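[1] Would you be able to build a 3D model of this:
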Amino acid sequence: MNYSFEYIDIILLAMIAGFIFLRLRGILGKRTGHEENLESSFAHDFPNEKTLKSKLDQLEFNEKAKEDFLKGAKIAYETIITNFASGNLKNIKYLLDKKVFEQFNEALNERKKSGNISETTFIGIDSAHIKEHKKINNILEVTVDFVSEIISCVKDKNNKILTGDPEKVKKVFDTWKFSKDSKSNNPNWLLIDTQI
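    Numbering: from 1, shown residues only. Next comes the predicted model:
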């Protein structure tokens, strides 16, 4: 009687092994003789470091990358100008280099001390062009010329206009420099200079 149970165990194990074999064959497939020769598929000549570096530099800032950068730069430009005008540095701190943040903060503190009020209406950006881009070690730097239209004026605490005109659209020409560490996980470019 014990022998019959052993035969049943062997038959069950053989069926399980057969099932597993058929499943693996179904998933992995079988050799047909038409497989691609992997040796001919890959180049055996590896580019030297200099060629590789120049290709990487080209890839990092090609036309598509420039277009994408300018889209982001325009958004950053408008965001920084409107938030600075309204005194909300907290909202744009992530877009500013430490030095620029301190300069903006100092300007806002002076404005606050004197009791002046800035009124700014951002109309739009007429143009934005990349003036220069360079890579120093891992740091990418891009200088952009912006031409925008803004209505702005500064009033004193008695609501008297000190500078600007609240009714007149003014063309503004700015050159800003942005920077980014190419090895950093932070996707944001930082504004590092506005006085170029």
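[2] Touching, Leu108 and Gly87? I think so.
    Yes. In this structure Leu108 lies within contact range of Gly87 using CB atoms under 8 Å: 5.5 Å. All C-beta atoms are positioned from the backbone trio N, CA, C, and that covers glycine.
[3] Which one of these two is surrounded by more residues?
    Leu108 (17 against 14; other CB atoms under 10 Å).
[4] Give me the buried positions along the helix or strand hosting the more buried one.
    Using DSSP states H and E, Leu108 falls within helix 98-114. Using 16 or more other CB atoms under 10 Å as the test for burial, helix 98-114 gives 100-101, 104, 108.
[5] List just the nearest of those to Lys160.
    Leu108 (20.3 Å; CB to CB).
[6] give the contact list for that closest one.
    Counting by CB atoms under 8 Å, 6 or more residues apart in numbering, Leu108 touches 84, 87, 89.
[7] Who are the packing partners of the helix of greatest length in the chain?
    Among the segments of the chain that qualify as a helix by DSSP state H, the longest is helix 2-28. Packed against helix 2-28 by the contact rule (3 or more CB pairs under 8 Å, 6 or more residues apart in numbering; DSSP states H and E) you find no helix or strand.
[8] for the record, mean pLDDT for it?
    Mean pLDDT, computed over helix 2-28, is 76.
[9] where's that helix relative to the chain centroid, distance-wise?
    Its chain's C-alpha centre and that of helix 2-28 lie 56 Å apart, by CA atoms, centre = their mean, to the nearest Å.
[10] Can you point out the buried residues in the helix or strand where Ser118 lies?
    If you go by DSSP H and E, Ser118 is part of strand 117-136. Using 16+ other CB under 10 Å as the test for burial, strand 117-136 gives 118, 120, 122, 125, 128, 133.
[11] Show me where the protein dips below the pLDDT cut-off.
    Applying pLDDT under 70 to the chain picks out residues 1-5, 28-60, 196.
[12] Between the contacts of Leu108, which sits nearest Lys171?
    Nearest to Lys171, judged by CB to CB, of these is Phe84 at 18.7 Å.
[13] Now that closest one: closest residue in space, sequence neighbours ignored.
    Nearest non-adjacent residue to Phe84, counting by CB to CB, 6 or more residues apart in numbering: Phe104, 5.8 Å away.
[14] and what of Lys93?
    If the residues on either side of it in the chain are set aside, Lys93 comes closest to Phe101, at 6.1 Å by CB to CB, 6+ apart.
[15] For Leu95, see how far away the one you found is.
    To Leu95, Phe101 is 9 Å away according to CB to CB, to the nearest Å.
[16] With Asn186 instead?
    From Asn186 over to Leu95 the distance is 11 Å, taken as CB to CB.
[17] Show me which of those two is the more surrounded one.
    Comparing Asn186 with Leu95 by other CB under 10 Å, the one with more neighbours is Leu95, at 20 against 9.
[18] Residue nearest the middle of the chain, spatially speaking?
    Nearest to the geometric centre of the chain sits Pro187, at 4.0 Å (CA atoms, centre = their mean).
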